[in-house]
Every structure is written in C-alpha cells, then in structure tokens.
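> pasting a predicted model and its sequence here:
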Amino acid sequence: MKITNHIINLKTVATLDFIDITEKIQEKIKEAGIEKGVINIQSLHTTMAVIVNEAEPLLISDMKKLLEKLAPRTYKYAHDNFDIRTVNMCDGECANGHSHNKAIHLPTSAMMNIVENDLQLGRWQRVFAVELDRSRPRQIALQIMGR
Amino acid sequence: MKITNHIINLKTVATLDFIDITEKIQEKIKEAGIEKGVINIQSLHTTMAVIVNEAEPLLISDMKKLLEKLAPRTYKYAHDNFDIRTVNMCDGECANGHSHNKAIHLPTSAMMNIVENDLQLGRWQRVFAVELDRSRPRQIALQIMGR
Amino acid sequence: MKITNHIINLKTVATLDFIDITEKIQEKIKEAGIEKGVINIQSLHTTMAVIVNEAEPLLISDMKKLLEKLAPRTYKYAHDNFDIRTVNMCDGECANGHSHNKAIHLPTSAMMNIVENDLQLGRWQRVFAVELDRSRPRQIALQIMGR
C-alpha cells in the first residue's frame, strides 16, 4: 500500500475560469506508480471547486451562465459588507460573497478511481478546477492511495 | 489491504430516472469480501449523477421538479447550437445542454464507508444513479478498498 | 495500513444550523494515529449535508438565504402531502420536503486528505455539518484510512 501527496499549482485568469487539470492528474498518477486505488482531488480554497464534466467550450459558457444566475455578482452579500463584518478580514479584502455562494453548490473535491495505473474516466469525463473568485494563484492537493 | 473494481451496468428509461442502486452496491461489497474500508461509487458519464437520499416516490418527484427548474430543458444552451458548435460532435448528436447543466450541481461520485462488510447507511439513506440525459445504457464504477 | 471508524454525535439547534466540526475531526485523526491517508466524513442523514467552506458568520447568513431561495420552506412539496403519501411514514412525521430538496444540491460527505497526522486544509477551509431539517440529534461517521 502506497500513499502519496502532490500539489498542482495553478494561476487562474478570471472569475469562472475552468481549468482542465486531467493531464496533470494523470502525470501524478504515473509518477506515484500506483496501479490500482483511489485519488482524492481536493481544492485547498473555499472559492475554488473541483468538478467532472465535458470539455466542450460552449457547454462551459452555459455552465458559467448558470452559476452566475445561481449566485449573481450583483447581489448584495452580507459577507461583503465591510462596515459590519469583523471576522476573517485581511489587508486588501475583496468582495467575494458571490464566489462562496457559488462554491456551496459545487464540490470541493472529486474522488476518483485508479485502474491500470490511470484515472478511470468515462468517454467524455474531464476534471476541472473552477475559479469562483478572481484571478489568483491556486493549489489543488492530490492524495493517491493504492498499490 | 484489498482493492477491487466493479462495474454496475444499467439501462435507464427516461430523463431524470432515479435508479436505486443500493442493493447492487451491497452485493459487490459482499463479493469483494471487505470487512471495513471505503467504496467510491463513480458515474462514468458527464450526464449521470450519483446521489444519496431517501427512496420516497413523492420526494423523488419533488427533486425532479427542482432539477428541471434549475436547468430547464426549454432553455437555449449554447452546447445545443449545432450551427456553431465544432467540439465533441458525434453522429446523431442530441441536444443535452440541460443534462450537463443539471449535472454540475450534483455529485459525480459518492464516497461511502464500509463497516461490518456492509455499506454504512443512515436509516433513510439510499444510493441513486440519476439519469440526466435520455434513456441509455449506463455504467457505474465501484472501487472498493479495505481489508 | 489502518482503518478506523468513528461517530461524531451532534445536537442541532435549528433549520440551517451550520456546525463547525473541524476540531472534532482533527481530534479523531490524532486518536486514530494516522500519519497520512484519507478521511471520509459522511452524514448519516438524508437531510444533513457536509460542506467545506469559510467560518465567517455573515457568509453563513448569505448561504442560508441562498439555500432557502433554492428550495423554500413555503413551497408545497409532494413529499409533505400526507393525504396521498404512503411510503416511509413514521409516527409524528414532519413536513421536510424542503430539507431533502436542499440536500440534493449539497454533498452528503466530504473526502479529505490527511497529511502530517492532520487534516489537509487550505487557509480558510473549515468543515461544517449543515442541518437542513429541524433541531435533532445527528451523527456524522468518519472513516479514516492510512498509516
């Protein structure tokens, strides 16, 4: 039984950037030398999700619209009211209530099977890191377990 | 430590078919002979979700309505505009933008505990494969790890 | 390879109670003595979710509003029509269609990495059990695997 931990470093470009991380994950599985097991693909951020879906650009534009409709940037979130908020305030705090509210409807992590030293994927399945906040450096942590 | 991989083959009947796969999963756990561990129940499709909820028919009808409201079939998705779409086009491509848009709000996989050679379930918990597209053959992949 | 199973007992106070269970989980990881591996944090209820997000009170109030908007208490769910419902009826059955309908949009479990004998968490990540039904006793099951 082997257990290995890896970090994928990303730089996102904009709100609702969908980054296909499938190949990066597959490389780490090869590196780890694990024939069969599982991999947990975990966002280390409260405003970045990990989803599994199809890499079709028009579909991604549809999904962006749906997420925006669900938790619009234009809505006044209490989290963004810096006149009353006292908790977790940082230097240069930005309004990102919409990002967190998009996030609760999306998974923080994806657990996937490893078979034959590769990710077990259906024909159209790809893994995306989805930026729900603004452009920033991001990290996805991978835990690979198996043998 | 044992790791076993299994496929559950399904034939769905209609859009938003909820198929209770709990017993099929329990059989595979018995077969695998794993006393304690975890099981990853992974859809191999971008328009089929795996959810855990109660098997009450009226509730399922409520959930279907909510999913339909969230990503209606009647909405014009860019993914379904075959005049402009060029990526991932197959023979007999069907309009299923609504299916993918339902899918991003639902889990692709469920990770569950195994205790005493059985799925650890709360009183009302059942596992469903949910068809978000039309009637078709489907596969759910199970990875069972433990001892 | 060790595999241990734990139960966290909770008493929720009200609908949409967000209970930060991060420390309780961290204690169980220490107890289990597992250096690296994974932990599956599984709700044993169909109307309790497990989410990972930021512990900022105003943000939590925003999320409650969004969940309420998505599946309002005021909507007439078929699950709550006790004149026609026959399945899974208990003594003192309460109307909780809204709770289940909130639940399908939220994860039942969170799978997280364990590194250096601790939960691998990003700077703002906390784990919450979210009560979608009324005040009641609740259980979260933890499966810890690793070595």
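All right, it came through fine. Residues are numbered from 1 along each chain as shown, chains lettered A, B, ... in the order given.

> what's near enough to touch the residue of chain A found nearest chain C?
The nearest approach of chain A to chain C comes at A:Leu44, 3.3 Å away (CB to the nearest CB). Where you see a C-beta, it was placed from the backbone N, CA and C, and this is true even at glycine. With contact taken as CB atoms under 8 Å, 6 or more residues apart in numbering or on different chains, A:Leu44 is in contact with A:138-141, C:120-123, C:125.

> run the last query once more with 10 Å
For A:Leu44, the set of contacting residues under the criterion of CB atoms under 10 Å, 6 or more residues apart in numbering or on different chains consists of A:7, A:108-109, A:138-141, C:113, C:120-125.

> now it: phi and psi?
Main-chain torsions, A:Leu44, degrees, to the nearest 10: phi -100, psi 20.

> that older thread, among the contacts of A:Leu44, which ones lie close to chain B?
The overlap between those and the neighbourhood of chain B (criterion: CB under 10 Å from any CB of the partner chain) consists of A:Ser109.

> switch the contacts of A:Leu44 over to JSON lines; also include pLDDT and neighbour count.
Rendered in JSON lines, the data for the contacts of A:Leu44 read as follows (pLDDT from 0 to 100; neighbours: other CB atoms under 10 Å in any protein chain shown):
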{"residue": "A:Ile7", "pLDDT": "97", "neighbour count": "12"}
{"residue": "A:Thr108", "pLDDT": "90", "neighbour count": "26"}
{"residue": "A:Ser109", "pLDDT": "91", "neighbour count": "24"}
{"residue": "A:Arg138", "pLDDT": "98", "neighbour count": "21"}
{"residue": "A:Gln139", "pLDDT": "98", "neighbour count": "15"}
{"residue": "A:Ile140", "pLDDT": "97", "neighbour count": "24"}
{"residue": "A:Ala141", "pLDDT": "96", "neighbour count": "20"}
{"residue": "C:Asn113", "pLDDT": "94", "neighbour count": "25"}
{"residue": "C:Gln120", "pLDDT": "96", "neighbour count": "20"}
{"residue": "C:Leu121", "pLDDT": "96", "neighbour count": "19"}
{"residue": "C:Gly122", "pLDDT": "96", "neighbour count": "19"}
{"residue": "C:Arg123", "pLDDT": "94", "neighbour count": "10"}
{"residue": "C:Trp124", "pLDDT": "95", "neighbour count": "18"}
{"residue": "C:Gln125", "pLDDT": "96", "neighbour count": "21"}
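
> output the contacts of A:Leu44 as TSV; include the columns secondary structure and distance to B:Lys65.
Written out in TSV, the entries for these read as follows (DSSP: H, G, I helix; E, B strand; the rest coil; distance: CB to CB, whole Å):
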residue	secondary structure	distance to B:Lys65
A:Ile7	strand	42
A:Thr108	coil	27
A:Ser109	strand	29
A:Arg138	strand	36
A:Gln139	strand	39
A:Ile140	strand	35
A:Ala141	strand	37
C:Asn113	strand	37
C:Gln120	coil	38
C:Leu121	coil	37
C:Gly122	coil	36
C:Arg123	coil	39
C:Trp124	coil	35
C:Gln125	coil	33
